[in-house]
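Peer 1: fold the following for me, if possible:
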Amino acid sequence: MTSYIFYFPLSIFLSLELGARNKIVSPRFDSTGTESEFHKSTNMSSSPYAPAAKLLNQIWEKRKGLKALACNRNGELTCSKATYAQCAHVLQAKPLLDRLCKEITANNKGLLYVLLYELLLGPNKSIRGGGALKRQLMEREDELKTLLDQIHKTEGLGHVTGNPATVTIPRYIRVNTMNTTTVCVVEKLRAMGLSFFVDPHIPDVLVLPPTPECRAQIQDMVTSHQIILQDKSSCFSALCLVFGFDHNERDGVFLDACASPGNKTSHLASLLAQPATKNTNIVHALDKSLDRFNLLQRRMGELVGAAVSCHNLDFFEASSKTFKNVRAILLDPSCSGSGMISNHMEATRDPMFVNDRVKSLAEFQLKALKHATTAFPDVTRIVYSTCSLYVEENERVVQRFLQESPGWTLVAPKCLTSWKRRGIQMEELSKEQTNALIRVHPDFDASHGFFVACLQKQTQSKYIVVTEWAGVKPISSVPFYDNQFNQA
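Peer 2: Purely as a prediction, here's the structure:
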């Protein structure tokens with residue numbers, strides 16, 4: 001059963017867009033003085049929908065993400081907030097819009113999707129302005145609304161009831177404990193009058209409403225690197241690598257194999273810097289792309305300083321000869337991204353979905369896992385993660401790795417014992433192995449889709465069991481998040 005997620009209506013932003021026509025609402029040039037890619041190709045039409053339509057077309061043609069095309073190198077928007085919001089909402093609703101406009105032809109696909117969203121899903125259920133495409137949609141308005149009603153009745157688009165439905169994914173912020181404290185951030189959020197909660201699974205993560213107004217209020221803390229915008233599920237990887245295993249072998253070198261843009265890397269460094277770990281660690285972060293490496297190096301310098309050493313290097317060229325004493329590897333390789341709500345390339349959430357691209361990615365992922373064990377013989381712990389929902393990239397990769405690597409086993413992460421959603425059962429994995437796997441589903445878990453496997457090398461050594469993981473505690477009387485933003 002397919003679900004669709006809709007956020008705060010975007011039509012309220014259109015007045016901002018129109019009112020800013022005669023003003024400079026966003027920088028035309030990026031920080032280097034070069035005209036931004038967005039403005040080079042955007043014809044600033046008088047239509048309130050034209051900028052968003054242009055940006056959407058770029059996203060689909062270039063197969064890039066919204067942030068990659070709408071932000072400059074410093075992460076600043078090169079379009080108005082209204083345009084960004086329009087695109088975000090259309091991308092979130094794209095699976096539904098695909099079905100609604102299956103028999104509609106239009107030269108401007110981006111404009112079609114924006115107008116269709118406004119007509120059927122916007123707060124006013126209407127389209128502002130004129131034009132041939134509007135007239136075409138208005139002629140089929142009754143037909144489109146009937147189809148939408150049928151989807152509503154058969155698949156459900158109401159409030160959360162325990163079944164897949166309209167689930168609001170809140171805004172998660174991770175406090176950069178290398179720069180400030182969670183208590184300090186809590187005091188600032190309270191002074192702003194924001195509603196927020198403590199995440200019950202990850203230390204130093206706070207949960208805020210996903211509104212543009214809230215995002216604007218916390219921007220100063222983002223730019224000053226006191227907080228990091230990071231989805232909850234992507235925090236699981238570093239947490240499991242540091243606190244997921246039952247032994248105290250935490251001294252040594254940690255390696256983030258596919259690190260850019262660096263959220264997981266900075267999280268890993270922050271966790272290792274906590275007094276409870278009682279060690280001195282080195283974190284190496286790799287990325288083979290020069291552009292991504294430059295981004296990674298800049299962000300690590302801003303967020304964690306010298307705690308991470310960045311390398312412009314392909315993971316498959318790395319080994320124990322280049323990085324000695326590596327004991328733990330965080331491996332989050334390229335994947336389909338099917339768990340991401342705004343993913344416009346992989347629309348289906350069927351966990352058994354397989355195509356040539358997914359098969360190719362799975363082969364790459366398995367190759368990376370095997371390289372981690374063969375090129376780094378001293379490694380005893382690997383956390384393998386993806387933002388995919390597909391068994392082919394998740395359980396199947398882990399099963400094949402275990403089959404070909406008899407010296408390794410799955411471990412249920414002790415830091416996530418309270419997490420309910422586990423792996424999908426398949427014949428080649430035992431029930432115990434399946435229950436050791438962590439899954440996050442965007443329709444149920446108020447976070448983007450994710451998968452985590454904790455792999456441990458079987459050795460003759462006996463490790464001392466550690467007990468420093470005590471779960472997440474309330475902070476300054478802030479309650480835990482328990483789906484409050486989804487309650488009526």
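
Peer 1: low-confidence regions, this structure specifically.
Peer 2: 1-46, 92, 95, 123, 152-167, 247-251, 275-281, 342-347, 460-468, 487-488 (pLDDT under 70).

Peer 1: and the longest strand along it, which strands flank it?
Peer 2: Ranked by residue count and defined by DSSP state E, the top strand of the chain is strand 450-457. In the sheet, strand 450-457 lines up against strand 381-386 (antiparallel), strand 408-411 (antiparallel), strand 438-440 (antiparallel) (DSSP bridges).

Peer 1: most packed of those?
Peer 2: Stretch with highest mean neighbour count among the strands paired with strand 450-457: strand 381-386 (a mean of 25; mean count of other CB atoms under 10 Å). All C-beta spots, glycine's among them, are computed from the backbone N, C-alpha and C.

Peer 1: in stretch 319-334, what's buried?
Peer 2: In terms of neighbour count (16 or more other CB atoms under 10 Å), stretch 319-334 has its buried residues at 323, 326, 327, 328, 329, 330, 331, 332, 333.

Peer 1: okay if I get those as CSV plus distance to residue 221 and secondary structure?
Peer 2: As requested, the buried residues of stretch 319-334 are arranged in CSV below (distance: CB to CB, whole Å; DSSP: H, G, I helix; E, B strand; the rest coil):
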residue, distance to residue 221, secondary structure
323, 34, coil
326, 34, strand
327, 34, strand
328, 30, strand
329, 31, strand
330, 26, strand
331, 31, strand
332, 26, coil
333, 31, coil
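
Peer 1: of these, which pair is most distant in space?
Peer 2: The span of the buried residues of stretch 319-334, defined through CB to CB, is set by 327 and 333 at 19.8 Å.

Peer 1: the strands in this protein, which residues?
Peer 2: According to DSSP E, the strands that the chain contains are 171-175, 197-198, 205-208, 227-229, 252-256, 281-286, 308-311, 326-331, 381-386, 408-411, 438-440, 450-457.

Peer 1: which one of the ones you listed lies nearest to residue 356?
Peer 2: Residue 356 lies closest, by CB to CB, to one member of the strands of the chain: strand 381-386, at 17.7 Å.

Peer 1: starting at the chain centroid, how far to that closest one?
Peer 2: Mean C-alpha position of strand 381-386 versus that of the full chain (CA atoms, centre = their mean, to the nearest Å) differs by 16 Å.

Peer 1: repeat that for stretch 474-488.
Peer 2: So, by CA atoms, centre = their mean, the centroid of stretch 474-488 is 21 Å from its chain's centroid.

Peer 1: tell me the buried residues in it?
Peer 2: For stretch 474-488, by 16+ other CB under 10 Å, it's 475, 478, 481, 484, 485.

Peer 1: including distance to residue 93, could the strands paired with strand 450-457 go into JSON lines?
Peer 2: Shown next, in JSON lines, are the strands paired with strand 450-457 (distance: least, CB to CB, whole Å):
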{"stretch": "strand 381-386", "distance to residue 93": "24"}
{"stretch": "strand 408-411", "distance to residue 93": "37"}
{"stretch": "strand 438-440", "distance to residue 93": "21"}
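
Peer 1: still on that earlier bit, which one among the buried residues of stretch 319-334 gets closest to residue 181?
Peer 2: The closest of the buried residues of stretch 319-334, once distances to residue 181 are taken by CB to CB, is residue 330, at 24.8 Å.

Peer 1: bridging residues for the closest one?
Peer 2: residue 256, residue 383.

Peer 1: okay but it is in contact with residue 266, surely?
Peer 2: No - contact criterion CB atoms under 8 Å: residue 330 and residue 266 do not qualify, at 11.8 Å.

Peer 1: quick one: end-to-end distance for stretch 72-90.
Peer 2: Using CA to CA, to the nearest Å, the end-to-end distance of stretch 72-90 comes to 22 Å.

Peer 1: CA atoms only: put stretch 387-398 into PDB for me.
Peer 2: Taking Å, rounded to 0.1, in the frame of the first residue of the first chain, the C-alpha atoms of stretch 387-398 are listed here in PDB:
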ATOM      1  CA  CYS A 387      19.000   5.000   2.900                       C
ATOM      2  CA  SER A 388      17.300   2.400   0.800                       C
ATOM      3  CA  LEU A 389      14.100   0.400   1.500                       C
ATOM      4  CA  TYR A 390      15.000  -2.400  -0.800                       C
ATOM      5  CA  VAL A 391      15.900  -5.900   0.400                       C
ATOM      6  CA  GLU A 392      18.400  -6.300  -2.500                       C
ATOM      7  CA  GLU A 393      20.600  -3.500  -1.100                       C
ATOM      8  CA  ASN A 394      20.000  -4.300   2.500                       C
ATOM      9  CA  GLU A 395      19.300  -7.800   3.800                       C
ATOM     10  CA  ARG A 396      20.500  -9.500   0.600                       C
ATOM     11  CA  VAL A 397      23.800  -7.700   0.700                       C
ATOM     12  CA  VAL A 398      24.400  -8.600   4.400                       C
END
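
Peer 1: surely residue 378 and residue 319 touch.
Peer 2: No - using CB under 8 Å, residue 378 is not in contact with residue 319, being 10.9 Å away.
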